[in-house]
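# next comes the sequence, and after it the predicted model I'd like to discuss.
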Number of protein chains: 2
Amino acid sequence: MSNQTNSAVVYCEKKFGTTDGKTANGLVRFSAKYKIAGVIDSTKAGRDAGEVLDGHKNGIPIYKDLTEALETTQSAPKYFIYGIAPPNGMFSEQDRQIMFFAMEKGMNIVNGLHEFLTEDEAFIQKAQACGVKIYDIRKPKDKKALNVFSNRITEVKCPKIAVLGTDSAVGKRTSAIILTKALCDAGLKTTMVATGQTGLIQGFRYGVVLDAIPEQFISGEMENAVIEAYEHEKSDLIIIEGQGSLSHPAFLSSCFIIRGSQPDAIIIQHSPKRKTLDDYPTILMPTLESEIKLLEVFSGSKVIGITINHTNMTDKEIDLTIKSYEERFRIPASDLLKYDCEKLVRKIVSTFPELTHKVY
Amino acid sequence: MSNQTNSAVVYCEKKFGTTDGKTANGLVRFSAKYKIAGVIDSTKAGRDAGEVLDGHKNGIPIYKDLTEALETTQSAPKYFIYGIAPPNGMFSEQDRQIMFFAMEKGMNIVNGLHEFLTEDEAFIQKAQACGVKIYDIRKPKDKKALNVFSNRITEVKCPKIAVLGTDSAVGKRTSAIILTKALCDAGLKTTMVATGQTGLIQGFRYGVVLDAIPEQFISGEMENAVIEAYEHEKSDLIIIEGQGSLSHPAFLSSCFIIRGSQPDAIIIQHSPKRKTLDDYPTILMPTLESEIKLLEVFSGSKVIGITINHTNMTDKEIDLTIKSYEERFRIPASDLLKYDCEKLVRKIVSTFPELTHKVY
C-alpha cells in the first residue's frame, strides 16, 4: 500500500458482502475519492474482498480487526469509513468504541448514518483531542440553503435515465455505475447523479443524500443536483441513481427522484430470487410486472430495460431469467456484473435518436 | 370575548381567505384547542371572518393590525398564531417585528413554519425577557424517538379512509373534518388523523407534521399516528388527512400517507376551476381522471368518492359538475361546504358492511 493521504479502511464487521454491508460493498467495487486499503470483517478475515463479493480478486484484503489492519498496511490509512447500513441507522456501543480507537490512531471518521457524530459531545471532544476530523455525509445543508422544486428541470435538454428498482439494497447503484461507464466508453458524455450516502462516499461529484432532507425540499434538491450536473458537465446523458422503490412501505425516495429529475426513461433493477423485502422479512417482494406498471403510471415514462441482481442464482438460472424477461416484457434484460452493457446501450441510443451521431 | 386562557389572534396579513392563508382559514372554520378571538388582515379589516371565507357570519372579527386587536378584545388574547403558509416556509423581516411586538404584549407565539423560532437566538432571548413561550409546531421529535415503518399497521382492524387530492391547498383537510363530524353524527366512532401543521394547531389529538420529518421516518411516523389513534380511541373508522398530491412535483407526502396508513379506500378532493398548481403557476393541474388512476395504482385501493372545492364556481356550475362527475366516475360527488355528507356516508357504509349495524 502506498502512503496516499486518502487511504481508507472500511469497517463492515459481520456484514461484508451482505445487503447491510452495501456501503462497504460499493466502495470495494468503485471508489473515486478514497483509496480502499482494506475491509474489516472478522468473519471473512484473510480473504480478498473482490473475490468474496464478485468472485474476482481485486487486491483489497479483509482484516479481522482494526489493529490487524493498521499493523499490516505499510502506512497508516487516514480514514475510517463506517461501511455498514444498519436498518435503524444508529450506532451500537461497540461501533462507538471502535471509532474512538480509530481516532486515537489518528484516523478521520467518515459516517454515512442518520446519527450525526459531529453533534455528539463525546465525539466532538475526542476528535479535537486526537486532531482528527469527522465527516457526517448524511448531514443536510442548513434549511435556508435547501432548494424547493422550481420546474427549472425543464431546462435540462439531454435525456435523463433513472435506474430504479423493486426494493432497497437490490443493486441499483452498482448497475447505474456500470452502465454510466459503458455509456462513456461508447462515446457519450454521461454523468451519474448519486442519491444516497454510499454514492457520495464513493466520490460522485453530483448528488445529494435524499433520505436525510426534510420532505418539503427533497424534490427540489434532486432537481438541483441534476441541473448542476447538466450545467457543469454539458452532458449528453444523465443517469440517476435510484433509492428504495415506489411500492416500498418506507423507503420512498424514488417518488422524489421521479418528480424532481423527471426521467425520460427508466431502467429497473430486480433480484429474482429475493422473496421478501430487505429489512422486512414478513413483506413479500412486488412482482416485476406490478412495479413496472407502477413506475410507468407514476412517472409517465417507459421502463426500457431490466437489470438483475443474481444473488442465489446459478449461471443457468441467470440466462433463463434474462431470456424469459425479454420475452415477457419485450425490452432488453441483463446481469451487468456478468455480462456487458451492449444491449442496454443500444436500447438507450435507439430510444433517444439524438444520441446516435455521438456514439463511436 | 371571554378571558379564556387559550384565546388566540391569528395573523394573516393580506392572505386571509387565500390558499396561502390556509392555516388561518382552517382555524376560523374549526379550532378545538384555541378560542379564535380575531384575525389580522388589514385588507379585510372590519369584516366577519366567516362571511369572508364561506359566506356565513361566525362572529370572528378581522382587525387591521395587532394593536387594534388588542385594544378591541376585552381581555388580552394569550396566543399569537402565525396563520400564513408562505411558499418558501420562511418569515419576512416584517413578520419577525410583529411577533416581537406580540411577545412584548405578553402573547405566546404559535408557529407552523419550517423556520424554528425556538432555535433563533433573538427569539429565545425575547421570549425569556417577556416571560412568554414559543411553540414550533413543525419541529420534529429527536431522531432517536422517530418511528420507522414496522408493518404493525396490519393490526389496525377498522377501515381507514384517506382524503387525498389533486393539489396542495385544495381543501382536503376541510373535507376530512366535515366528513369526520358527519360520520360521528351518524353513530360511527370516527377518528381523524392530521398530517400537517394546520391540523395540529386546530387541536387534533392524533397526527404528525409529515413534511418536517427526515424521509426515512415519514412512513413510520404516519403508521404510528394511525395505530395510536386506533388503540386509544377503539375507533370504528379512521379518516386520514391528505397532503399535496401523488402527481405533485414537490409536495409528495401523499406517497407516505398511503404507504404508512395503507388506506382501505380513498376520497379525492379537486378544485374544478383551478388551472395551474398552487405555488406553481406554470404547471397545469392534473386531470381528475389521471389522479384517480394514479391513486388507485399506487395504493391498490379504490377511490370511492369525490369532494369539490367550489372556488370561482357559481351554484349552477357546482351542481352541474357534481352531476357530471357522478356520471363519469360512477361514485358519489359532493361539495361539503354547500351540501351535507349523506351520499358519502352511505357510500362508506356500503363499502365497509361491518359498519352497517353501528349506524343510527
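Thanks, I have it. Here the structure is a predicted model, which means the values were calculated and not measured.
# I'd like to know the average pLDDT value across the helix or strand containing A:E327.
Using DSSP states H and E, the element containing A:E327 is helix A:315-329. Averaging pLDDT along helix A:315-329 yields 98.
# let me see the contact set for the residue nearest the centre of chain A.
Central residue of chain A (CA atoms, centre = their mean): A:R173, 3.9 Å from the mean position. Residues near A:R173 by CB atoms under 8 Å, 6 or more residues apart in numbering or on different chains: A:26, A:163, A:194, A:196, A:198-199, A:241-242. No exception for glycine: its C-beta is placed from N, CA and C like everyone else's.
# what does A:T166 give?
A:245, A:247, A:268-271, A:285-286, A:288, A:291.
# show me what counts as buried in the helix or strand encompassing the residue nearest to the centre of chain A.
Of the helices and strands defined by DSSP H and E, A:R173 is found in helix A:172-185. Under the neighbour-count criterion of 16 or more other CB atoms under 10 Å in any protein chain shown, helix A:172-185 has A:172-180, A:182-183 buried.
# close to chain B: what parts of chain A are there?
A:87-90, A:114-115, A:143-144, A:148-149, A:151, A:210-216, A:218-220, A:246, A:248-253, A:255-256, A:259-260, A:280, A:282-283, A:293-294, A:297-298 (CB under 8 Å from any CB of the partner chain).
# contacts for stretch A:218-227?
A:146-150, A:152-153, A:155-156, A:160, A:193, A:195, A:206-208, A:210, A:213, A:238, A:240, A:253, A:256-257, A:259-261, B:215, B:249-250, B:252.
# go through the residues you listed and flag which are in helices.
In helices, judged by DSSP state H, the following of those are found: A:253, A:256-257, A:259-261, B:215.
# return the closest of those with respect to B:H56.
Nearest to B:H56, judged by CB to CB, of those is A:R259 at 38.1 Å.
# I figured the closest one hits B:L246, correct?
No. Using CB atoms under 8 Å as the test, A:R259 is too far from B:L246 to be in contact (9.4 Å).
# now for these two: what residues contact both?
B:L252.
# ok, for whatever residue of the stretch 201-350 of chain A ends up closest to chain B, nearest residue in space, not its chain neighbours?
Here the stretch 201-350 of chain A gets closest to chain B at one residue, A:A250, 3.6 Å apart by CB to the nearest CB. What sits nearest to A:A250 in space, not counting adjacent residues and going by CB to CB, 6 or more residues apart in numbering or on different chains, is B:F149, at 3.6 Å.
# what's the spacing between the one you found and A:L183?
B:F149 is 35 Å from A:L183, where distance means CB to CB, to the nearest Å.
# then A:K358?
10 Å.
# ok, A:K316 next?
29 Å.
# what's the neighbour count on A:D48?
Neighbour count for A:D48, taken as other CB atoms under 10 Å in any protein chain shown: 17.
# likewise for A:A45?
Neighbours of A:A45 (other CB under 10 Å): 15.
# cool, A:G50 as well?
Neighbours of A:G50 (other CB under 10 Å): 15.
# not counting sequence-adjacent ones, nearest residue to it?
Computed as CB to CB, 6+ apart, the closest residue to A:G50 that is not its neighbour in sequence is A:N58, at 2.9 Å.
# doesn't A:V52 make contact with the one you found?
No. Using CB under 8 Å, A:N58 makes no contact with A:V52, being 10.0 Å away.
# fine, thanks again, bye for now.
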